[in-house]
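Peer 1: sequence isn't available, so here's the structure alone:
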């Protein structure tokens with residue numbers, strides 16, 4: 001078992017939780033480990049589903065039998081009306097805690113998850129991070145494994161990861177979407193999913209994706225919103241506050257997992273110094289930074305910057321409430337960083353000369369260049385990030 005960085009037990013002591021995350025990220029496993037004495041209600045069980053969809057109030061009887069203090073409702077989006085009952089029970093007993101899990105926020109949006117009125121904190125469980133990877137003995141090299149297979153626990157522990165990733169893409173990403181009737185044409189969505197993986201880590205151009213997938217641009221925008229609602233993808237907003245150079249306004253897109261992106265594209269071998277390796281490397285760096293911000297409840301916002309003259313920085317970090325960003329980060333899958341790799345960071349720092357500038361690389365030893373840019377080996381960067389020694 002991986003030791004997860006999201007501390008469910010401590011979090012639920014203060015407030016009920018809405019724990020979201022794509023299927024197979026390990027939500028149920030984490031909860032059962034963290035709060036083994038909780039009442040666990042699995043809505044994927046047919047009998048449990050039938051009882052509660054007909055009699056939502058039955059949950060009160062189950063809780064009352066053993067006077068549970070923590071109640072888990074797994075895949076709560078299956079019966080969104082249960083949120084009314086949860087709300088009522090929280091009001092009646094201020095010490096009662098709920099952990100509501102879901103693999104989609106789409107249905108919850110429709111009924112208004114805000115019905116809980118701030119009584120439940122929303123948290124997300126992401127794929128396995130480098131910090132979590134180190135807590136188990138898989139006998140596999142960390143960086144190559146995460147770049148090829150991603151961070152779904154079931155894939156990392158599988159003897160047949162390629163076949164299992166294929167099944168995940170086919171069974172979950174397509175059949176699950178179809179089962180919930182979220183798209184009118186599964187064929188169109190399947191073509192769109194292929195196109196979305198092609199633009200993974202890139203600035204979005206809806207018209208170009210629409211042309212590639214052969215579907216209307218409006219439908220493409222709806223599909224990207226669907227990926228966000230189902231936690232399959234995320235949009236990284238642009239940083240627009242530079243004065244010297246006008247910034248682009250379109251977001252960048254990232255699928256939630258590196259391995260899933262590889263599987264959609266049928267990319268089963270990543271060669272060093274190839275464009276595909278570089279994209280996977282940037283994807284992993286994004287996954288690590290965004291997971292750190294989420295799990296550590298850091299008061300940070302994450303964005304990217306690209307000027308109209310094509311200067312670009314992969315990641316910009318800014319403290320909430322502060323006017324200027326604190327850190328600019330480039331992901332370069334190279335074992336030798338050159339002056340050319342520093343151009344984007346140098347251009348950005350013209351407006352923010354005090355900003356910390358970092359390149360995450362494949363070099364074996366860290367160093368600081370004369371222009372102030374820090375070159376970090378990837379694994380050292382990840383260790384410093386999770387150790388709280390990097391972003392201060």
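Peer 2: Noted; the coordinates are in hand. Only a predicted model underlies this, so the values are computations on that prediction, with no experimental measurement involved.

Peer 1: and the contacts of stretch 5-20?
Peer 2: The contact list for stretch 5-20 (CB atoms under 8 Å, 6 or more residues apart in numbering) reads 27, 30-31, 34-35, 70, 76, 86, 90, 97-103, 105, 108, 113, 116, 119-125, 129, 131-132, 231, 291, 295-296, 386. The way it works is simple: take the backbone N, C-alpha and C, and place the C-beta from them, glycine included.

Peer 1: what are the buried residues along it?
Peer 2: Within stretch 5-20, the residues that count as buried by 16 or more other CB atoms under 10 Å are 5-6, 8, 11-12, 16-20.

Peer 1: avg pLDDT for it?
Peer 2: Averaging pLDDT along stretch 5-20 gives 93.

Peer 1: do me a favour and get the end-to-end distance for it?
Peer 2: End-to-end span of stretch 5-20 (CA to CA, to the nearest Å): 15 Å.

Peer 1: what of stretch 195-210?
Peer 2: 9 Å.

Peer 1: quick one: find the helix or strand in the protein with the lowest mean pLDDT.
Peer 2: Lowest by mean pLDDT, DSSP states H and E among the helices and strands of the chain is helix 106-111, with a mean of 67.

Peer 1: right, and the helix or strand after it?
Peer 2: Following helix 106-111 in sequence order, the next helix or strand is strand 120-124 (DSSP states H and E).

Peer 1: who does whichever helix or strand comes after that following strand touch, helix- and strand-wise?
Peer 2: Using DSSP H and E, the helix or strand that directly follows strand 120-124 along the chain is helix 130-133. Applying 3 or more CB pairs under 8 Å, 6 or more residues apart in numbering; DSSP states H and E, we find helix 130-133 packed against helix 142-149, helix 378-386.

Peer 1: same list (the ones you listed) but as CSV, adding mean neighbour count, distance to residue 51 and mean pLDDT.
Peer 2: What follows is the helices and strands packed on helix 130-133, written out as CSV (neighbours: other CB atoms under 10 Å; distance: least, CB to CB, whole Å; pLDDT from 0 to 100):
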stretch, mean neighbour count, distance to residue 51, mean pLDDT
helix 142-149, 19, 39, 96
helix 378-386, 20, 42, 96
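
Peer 1: so which of these comes closest to residue 305?
Peer 2: Closest approach to residue 305 among the helices and strands packed on helix 130-133 is made by helix 378-386 (19.3 Å; CB to CB).

Peer 1: what are the ranges of the strands in the stretch 151-300 of the chain?
Peer 2: Applying DSSP state E, counting those that start in this stretch to the stretch 151-300 of the chain gives strands spanning 233-236, 252-255, 300-306.

Peer 1: what pairs with whatever helix or strand comes next after the last one, parallel or antiparallel?
Peer 2: Toward the C-terminal end, the helix or strand that comes next after strand 300-306 (DSSP H and E) is strand 312-319. If you go by DSSP bridges, strand 312-319 pairs up with strand 300-306 (antiparallel), strand 327-331 (antiparallel).
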